[in-house]
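1. Okay, predicted coordinates and the sequence, questions at the end:
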Amino acid sequence: MRTRQRTRSRPPEPVEDGAGAALAASAEVALDLPKLQRNTLNEAVYQQLKQALMTGRIAPGSTMTIRSLAASFGVSLMPVREALRRLLAEHVLVLQPNRSVALPVITRERFREITRIRTSLEGLAAEEATAHLTRADIDRLDALNQAIERPGASRSPEYLINNREFHFIVYRNSGMPTLLSIIESLWVQIGPLLTIQQRIYSKAPDQAQLHHRRALKAFRRRDGAQARAAIVADIQDAAEIIAEHL
């Protein structure tokens, strides 16, 4: 008599309920964390290099290597390489034949062109920001300007840092992120030249920042047109000093 063979049926595949799907998703996020941290480091190095350029800490014509910058930042070569790649793509830096990178020397003609663009864009940003600046923002601007006007301030590295922060508190409050990004890219290009203005001021008696003071009054009165005029005049006066020495 034949015996019927039993076929062993496969157990049904487990069906993921909502909790199981959430657990799987959280596992994927955890696996991605190291990559996120690496990207954050890349961005940090990139932003610090931009800040150094905008505050004149790197002189026009200076050359840099990946190794020297990595040592300065205390990081590996990879985030520095990525930051330099981005700045090269943005035409902020140029590649040298020996594979180092350099900050190009800006001609007087190019500087004047950038200045004309800056007055249009930064004037607009100041006008737009006037309605959005809070009392705390204006107090911070006032404190920064007092630091800029302090006796001997123009001989300190903090001078350009405070000046940059003054302007970008205003521009960030414009509520126009695309405009802010364009202004930043222009400052990265002309920032190294601001040391010329600082050097001239350091040889002269300490001066009041009249245009900054005019801007502060305009911000308090919510007068956008006057705020625009003050920022434009500030850029133009500094540009005249710089252009004479290019």
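-> On my side now, so go ahead.

2. what number of residues lie near A218?
-> Residue crowding around A218 was assessed by other CB atoms under 10 Å; the count is 21. Where you see a C-beta, it was placed from the backbone N, CA and C, and this is true even at glycine.

3. for it, what are its contacts?
-> Taking CB atoms under 8 Å, 6 or more residues apart in numbering as the criterion, A218 is in contact with 130, 224, 226-227, 229-230.

4. per-residue confidence for it?
-> The pLDDT attached to A218 in the predicted structure is 98.

5. Can you tell me how far it is from R110?
-> Summarising the geometry, the distance separating A218 from R110, computed by CB to CB, to the nearest Å, is 31 Å.

6. The closest residue to P192 other than its chain neighbours and L49, how far apart?
-> In space, and not counting its chain neighbours, P192 is closest to P60: 4.9 Å by CB to CB, 6 or more residues apart in numbering. The spacing between P60 and L49, counted by CB to CB, is 15 Å.

7. Tell me which of those two has more neighbours.
-> The neighbour count for P60 versus L49, taken as other CB under 10 Å, is higher for L49 (24 against 18).

8. Surely E149 and Y201 touch.
-> No. E149 is not in contact with Y201 according to CB atoms under 8 Å; the separation is 10.8 Å.

9. By mean pLDDT, flag the weakest helix or strand of this structure.
-> Lowest mean confidence among the helices and strands of the chain (mean pLDDT, DSSP states H and E): helix 18-54, at a mean of 62.

10. following that helix, which helix or strand shows up next?
-> Read in the C-terminal direction, the helix or strand following helix 18-54 is strand 63-64, with elements assigned using DSSP states H and E.

11. which residues of the chain fall in helices?
-> In chain order, the chain shows helices spanning 18-54, 66-73, 77-89, 108-129, 135-149, 158-172, 177-190, 194-203, 210-221, 224-243, with DSSP state H as the criterion.

12. which residues touch R112?
-> Under the criterion of CB under 8 Å, 6+ apart, the neighbours of R112 are 239, 243.

13. Any figure for the gap between it and E244?
-> Here R112 is placed at a distance of 12 Å from E244 (CB to CB).

14. where does this structure have low pLDDT?
-> Screening the chain residue by residue with the criterion pLDDT under 70, one finds the ranges 1-39, 204-207.

15. Using the record's assignment, carve it into domains.
-> Structural domains annotated on the chain: 36-102, 108-243, as defined by automatic domain parsing.

16. Pick the most buried one from those.
-> Greatest average neighbour count among the domains of the chain goes to domain 108-243 (a mean of 17), per mean count of other CB atoms under 10 Å.

17. how long is that one from one end to the other?
-> 6 Å (CA to CA, to the nearest Å).

18. just how off-centre is stretch 89-100 within its chain?
-> Its chain's average C-alpha position is 19 Å from that of stretch 89-100, according to CA atoms, centre = their mean, to the nearest Å.

19. what sits up against that stretch?
-> By CB under 8 Å, 6+ apart, the residues outside stretch 89-100 that reach it are 53, 63-65, 84, 87-88, 101-104, 185, 188-189.

20. Stretch 50-64: end-to-end distance?
-> Distance between the two ends of stretch 50-64: 14 Å, counting by CA to CA.

21. Just give me how far that stretch sits from the chain centre.
-> A distance of 13 Å separates the C-alpha centroid of stretch 50-64 from that of its chain, computed with CA atoms, centre = their mean.

22. For that stretch, give me every contacting residue.
-> Stretch 50-64 has contacts (CB under 8 Å, 6+ apart) with 84, 87, 92-93, 96, 100-106, 157, 160-161, 164, 184, 187-188, 191-195, 198.

23. again, only using 6 Å
-> Stretch 50-64 has contacts (CB atoms under 6 Å, 6 or more residues apart in numbering) with 100-103, 105, 160-161, 164, 187-188, 191-192, 194-195.

24. In a markdown table, list these along with distance to S120.
-> A markdown table is the format used below for the contacts of stretch 50-64 (distance: CB to CB, whole Å):
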| residue | distance to S120 |
| --- | --- |
| S100 | 35 |
| V101 | 30 |
| A102 | 29 |
| L103 | 25 |
| V105 | 25 |
| L160 | 23 |
| I161 | 25 |
| R164 | 19 |
| W187 | 14 |
| V188 | 18 |
| G191 | 19 |
| P192 | 22 |
| L194 | 19 |
| T195 | 24 |
